[in-house]
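Chemist: Please work out how this folds:
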Amino acid sequence: MSKERARRRAEREAERARAMRANEERQARLARRRTLIARLTPRPVRLSRQGGLLARRHRAQNALVALGFLLVQVITWLLWGSFFASFAVLVLSVLLVPVVVTLAFDRRI
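Modeler: I've put the predicted structure just below:
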């Protein structure tokens, strides 16, 4: 009788060990799949703005650049009033704004 119980207990333990190994293999396979999917999928785009000091400074600088650009266009339009002069200043401003930003704010790309 005790040999029979010992044999059944050994069978149960062997079955439990097989089930645990199968579960561990399944978990490892799922973990590998998750890491592969995480590596291959693009990261979501952040919709909220960053709140650090550097981000605030860049926002202020960008606002200053946009205000200066707009001010130059309005002054050109008021002083000359010509479409061709305004268009020439617009094209020149679009070409020179990156240069001015780089020189004024030391933003090297």
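Chemist: can you pull out the helices in this structure?
Modeler: Listed in chain order, the helices of the chain (DSSP state H) span 2-40, 53-79, 83-105.
Chemist: buried stuff in the second one?
Modeler: Spelled out, that is helix 53-79. Neighbour-count burial for helix 53-79 flags 65, 69, 72, 76 (criterion: 16 or more other C-beta atoms under 10 Å). Any C-beta I mention is one placed from the backbone N, CA and C, and that applies to glycine too.
Chemist: so the third one makes contact with residue 96?
Modeler: Read that as residue 72. No - using C-beta atoms under 8 Å, residue 72 is not in contact with residue 96; the gap is 9.6 Å.
Chemist: give me the low-pLDDT residue ranges for this protein?
Modeler: Scanning the chain for pLDDT under 70 picks out the ranges 1, 49-50, 107-109.
Chemist: Can you tell me which residue sits nearest the middle of it?
Modeler: Compute the mean C-alpha point of the chain, and by C-alpha atoms, centre = their mean the closest residue is residue 45, 5.0 Å away.
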